[in-house]
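**Student:** got a structure for you, letters missing:
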């Protein structure tokens, strides 16, 4: 069975450019999460959706970040304009649970480098 | 903001040795999960504990949830190179947010 699929796996861009990260959750999962991982701050929840509706975006660092989930099988995380401090690994995860206590299934991550 | 502290931050031991890593908070957990993350991959769930004092075993791994529900430990017996990875605890503090600890990076030397 296919797991959570993220693209691109690696992205190198210059400061000021727009970055779009994509995620396909596991079929049948109704919750989707975007996390960011850095050495300094660990794994941080940015936003999560339940049944395609954003539930909590309090972890989104600033207005340069936005996330959408137009349907149950696709989500995007966009950074515009990107800055060097946005460099991190961005993970998408999905779950069958409506809350955050169920098992999270993570994708392999998108490693972003902003020069 | 609830903080989840893991210790040690780094641990490197010889194959065959035993080890324990810890996850602590000043706040009470509703539930706690342990994940393992290998390089280039996302975290994978190992176990969920929900009851204070609960002990769960997964082959050579023993997970314990503190009686006061503010701490947890992971004990590995006879460590093997395949145990190498980043071990993350993740807690729910009753507000429907899953907070991850900063992790323990474990290296098992053959």
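**Tutor:** Structure's in. What do you need? What you are looking at is a predicted structure, and each value in this text was computed from that prediction instead of being measured. Residues are numbered from 1 along each chain as shown, chains lettered A, B, ... in the order given.
**Student:** Which residue does chain A have closest to chain B?
**Tutor:** Of all residues in chain A, residue A:106 sits closest to chain B, at 2.7 Å by Cβ to the nearest Cβ. For glycine as for every other residue, the C-beta is placed from the backbone atoms N, C-alpha and C.
**Student:** which residues touch that residue?
**Tutor:** Shown here is residue A:106, whose contacts under the criterion Cβ atoms under 8 Å, 6 or more residues apart in numbering or on different chains are A:4, A:35, A:91-93, B:41-44.
**Student:** Which residues of chain B lie near chain A?
**Tutor:** B:30-31, B:33, B:35, B:40-45, B:48, B:88, B:90, B:92, B:96-103 (Cβ under 8 Å from any Cβ of the partner chain).
**Student:** got any ranges where chain B has weak pLDDT?
**Tutor:** Segments of chain B classed as low confidence (criterion: pLDDT under 70) are B:1-2, B:95-97.
**Student:** Can you report how many residues neighbour the closest residue to chain A within chain B?
**Tutor:** In chain B, the residue that lies nearest chain A is residue B:42 (2.7 Å; Cβ to the nearest Cβ). Residues contacting residue B:42 under the criterion other Cβ atoms under 10 Å in any protein chain shown number 23.
**Student:** Surely it is in a strand?
**Tutor:** No. Membership of residue B:42 in a strand is not supported by DSSP: H, G, I helix; E, B strand; the rest coil, which gives coil.
**Student:** before we move on, back to that, which of the residues of chain B next to chain A count as buried?
**Tutor:** The neighbour-count criterion (16 or more other Cβ atoms under 10 Å in any protein chain shown) marks B:31, B:33, B:35, B:42-43, B:45, B:48, B:88, B:90, B:92, B:97-103 among the residues of chain B next to chain A as buried.
**Student:** So which residues of chain A form strands?
**Tutor:** Counting by DSSP state E, one finds strands in chain A at the ranges A:5-7, A:10-13, A:19-24, A:31-38, A:42-50, A:53-56, A:65-71, A:74-79, A:88-95, A:105-106, A:110-114.
**Student:** who touches residue 36 in this structure?
**Tutor:** In the absence of a named chain, chain A is used. Applying Cβ under 8 Å, 6+ apart to residue A:36 gives the contacts A:43-44, A:46, A:88-91.
**Student:** oops, I was thinking of chain B
**Tutor:** Residues near residue B:36 by Cβ under 8 Å, 6+ apart: B:43-44, B:46, B:85-88.
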